[in-house]
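K.L.:
show me the folded form of this:
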Amino acid sequence: MRGEWSTKMWDIASQTKIKLAILRKYLGAWATILKVQKILYYVDGFAGPGWLWNPRAGEKVFGSPVQPIQLYLDHRFDKGWDYELRLVNIEKKKTYFEQLEKETSEYKKKGVKIRNIRGEFLDKLEDILSEISQYHTFLFIDPFGISGIEFSELEAVLVRQNTEILLNFNYDGLQRCIGDLKKIRVRDPKMRAKAQSTIDRVCKLLNITEQELEQTVTSSGISKYKQISLLKKYRDNLWKYKTYVYPLPINFPGTERTFYYLIFMTENIIALKIMKDVMKKAKKMEKGEQLFLPLPEIDIDALRKRLFELYAGKSIAVKEIYKDWLPKVSIIDGEDYLSRDIDKALNSMAKDSDIPVTKDAGEAPWNPIYRFGRL
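P.N.:
Next comes the predicted model:
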């Protein structure tokens with residue numbers, strides 16, 4: 001039984017299971033590294049009611065505003081960690097907000113600092129940024145559709161240091177909106193005005209002009225290339241603010257059609273390393289369902305050759321090597337690597353007597369130095 005609040009919209013889908021798994025696993029690693037900061041913030045820009053319904057199991061599943069709380073309580077009581085997690089949840093819809101308040105009330109009684117705010121995410125952003133100050137923050141932005149995340153409004157978050165961002169980029173919704181490009185020139189003034197309004201929203205989301213949008217869409221040919229072009233434009237704009245931007249495609253179940261991208265943004269290469277590892281492991285959770293566009297099989301021998309060609313005659317720490325290779329994205333760059341792929345190639349080179357590569361201890365065990373000779 002679903003209790004007092006119910007809607008089909010919140011039935012948990014396979015894509016949502018993956019999204020929540022990624023969120024929880026990454027936050028666990030994030031808090032493990034940053035707990036020395038004593039105070040961490042988690043901000044959920046589109047919080048929803050706090051839970052979703054799993055029709056197969058006949059039970060509710062805690063949503064993105066509650067997952068971090070449970071993780072934090074596990075850390076505090078089971079591991080004895082003394083950092084403080086402060087949560088800020090924003091939700092516009094009255095019924096969802098009331099349910100969110102109810103769902104988080106018991107945690108507040110346990111001393112968890114939770115602030116639920118009713119309203120639009122972007123309208124409340126200035127207030128939120130004032131509260132979180134310079135504290136390390138994880139920001140989850142998961143809107144319904146493409147509204148509420150206009151690029152110019154997000155800049156206040158993108159320029160902020162000590163901030164990791166996980167954003168749901170709704171490509172399916174974007175694709176439907178772009179269809180209105182054809183309607184801008186129709187005779188019906190009402191239809192034309194509605195289409196223009198939709199296109200304006202798309203341009204504000206992507207931070208491009210209408211002319212750039214039309215040129216990108218018309219010159220890209222088939223749908224796959226249109227998708228790559230639009231995603232690349234968006235990533236390139238995000239790159240102006242964040243050093244690392246990694247978009248993970250999530251498909252409609254059983255298809256190769258992209259539903260949305262989870263875009264992770266950070267200034268820290270180790271954060272990117274962890275998130276990519278988490279995303280890969282999350283892919284294995286749903287057997288029989290192809291939720292992700294598959295990463296290509298890695299040819300380790302070819303990777304070894306490319307590594308040696310790039311670094312021959314140099315001594316370089318593995319962290320710096322990660323910076324060259326981990327940001328690559330399959331759908332845009334044609335290649336995509338995890339840290340374990342790079343580690344496997346490097347370690348095999350260091351053990352191969354025919355290749356002049358040695359491995360030395362670096363400043364930390366996880367950051368060894370590889371010294372590349374010349375053939």
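K.L.:
need phi/psi at P356.
P.N.:
Main-chain dihedrals, P356, degrees, to the nearest 10: phi -80, psi 70.
K.L.:
grab the nearest non-local neighbour of it.
P.N.:
In this structure, P356 finds its nearest non-sequential neighbour in G373, 2.9 Å apart by CB to CB, 6 or more residues apart in numbering. C-beta: built from backbone N, CA, C; applies to glycine.
K.L.:
likewise for F62?
P.N.:
W51 (5.4 Å).
K.L.:
quick check: that neighbour touching E103?
P.N.:
Yes: counting by CB atoms under 8 Å, W51 touches E103, with 6.0 Å between them.
K.L.:
just give the nearest non-adjacent residue to L346, would you?
P.N.:
Closest residue to L346 apart from its sequence neighbours, by CB to CB, 6+ apart: Y370 at 5.7 Å.
K.L.:
pLDDT score assigned to the one you found?
P.N.:
If you check Y370, the pLDDT there is 97.
K.L.:
show me where the stretch 201-350 of the chain has its helices.
P.N.:
Assigned by DSSP state H, counting those that start in this stretch, the stretch 201-350 of the chain shows helices spanning 210-219, 223-239, 269-283, 300-311, 318-325, 330-333, 339-351.
K.L.:
these: which one's closest to P143?
P.N.:
With respect to P143, and counting by CB to CB, the nearest of the helices of the stretch 201-350 of the chain is helix 223-239 at 14.6 Å.
K.L.:
what lies in contact with that closest one?
P.N.:
The set of residues external to helix 223-239 that reach it, using CB atoms under 8 Å, 6 or more residues apart in numbering, is 151, 158, 169, 171, 174-175, 178, 205-208, 212, 216-217, 219-220, 245, 247, 258, 261, 263, 265, 329, 331-332.
K.L.:
just stretch 170-190 next, same as before
P.N.:
With contact meaning CB under 8 Å, 6+ apart, stretch 170-190 is reached by 143, 145-146, 191-192, 194-196, 198-199, 201-202, 205, 213-214, 217, 223, 227, 230-231, 249, 252, 257-261.
K.L.:
in it, what's buried?
P.N.:
In terms of neighbour count (16 or more other CB atoms under 10 Å), stretch 170-190 has its buried residues at N170, Y171, G173, L174, Q175, C177, I178, D180, L181, K183, I184.
K.L.:
pLDDT of that stretch, averaged?
P.N.:
Stretch 170-190 comes out at a mean pLDDT of 87.
K.L.:
chain center to that stretch: distance?
P.N.:
Distance, stretch centre to chain centre, for stretch 170-190: 27 Å (CA atoms, centre = their mean, to the nearest Å).
K.L.:
ditto for stretch 137-145
P.N.:
9 Å.
K.L.:
low-confidence regions, this protein specifically.
P.N.:
1-13, 54-58, 254, 282-296 (pLDDT under 70).
K.L.:
tell me the angle the longest helix along it makes with helix 269-283.
P.N.:
Ranked by residue count and defined by DSSP state H, the top helix of the chain is helix 14-34. Taking axes from the mean of the first three to the mean of the last three CA atoms, to 10 degrees, helix 14-34 and helix 269-283 form an angle of 150 degrees between their directions.
K.L.:
so which elements touch the next helix or strand after helix 14-34?
P.N.:
Under the assignment DSSP states H and E, the closest C-terminal helix or strand after helix 14-34 is strand 39-44. When contacts are defined as 3 or more CB pairs under 8 Å, 6 or more residues apart in numbering; DSSP states H and E, strand 39-44 sits against helix 14-34, strand 84-91, helix 121-132, strand 136-141.
K.L.:
mind listing what's buried in stretch 348-362?
P.N.:
Here stretch 348-362 shows M349, I355, V357 as buried, counting by 16+ other CB under 10 Å.
K.L.:
now it - C-alpha only, PDB.
P.N.:
Coordinates of the C-alpha atoms in stretch 348-362 are reproduced here as PDB (Å, rounded to 0.1, in the frame of the first residue of the first chain):
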ATOM      1  CA  SER A 348      51.900  -4.300 -17.600                       C
ATOM      2  CA  MET A 349      54.400  -2.000 -19.300                       C
ATOM      3  CA  ALA A 350      56.400  -1.700 -16.100                       C
ATOM      4  CA  LYS A 351      56.600  -5.500 -15.900                       C
ATOM      5  CA  ASP A 352      57.500  -6.000 -19.500                       C
ATOM      6  CA  SER A 353      61.300  -6.200 -19.900                       C
ATOM      7  CA  ASP A 354      61.100  -5.200 -23.500                       C
ATOM      8  CA  ILE A 355      59.600  -1.800 -22.700                       C
ATOM      9  CA  PRO A 356      61.700   0.900 -20.900                       C
ATOM     10  CA  VAL A 357      59.100   1.900 -18.300                       C
ATOM     11  CA  THR A 358      59.700   1.800 -14.500                       C
ATOM     12  CA  LYS A 359      57.300   2.400 -11.700                       C
ATOM     13  CA  ASP A 360      58.500   4.300  -8.600                       C
ATOM     14  CA  ALA A 361      56.700   5.200  -5.400                       C
ATOM     15  CA  GLY A 362      55.300   8.700  -5.500                       C
END
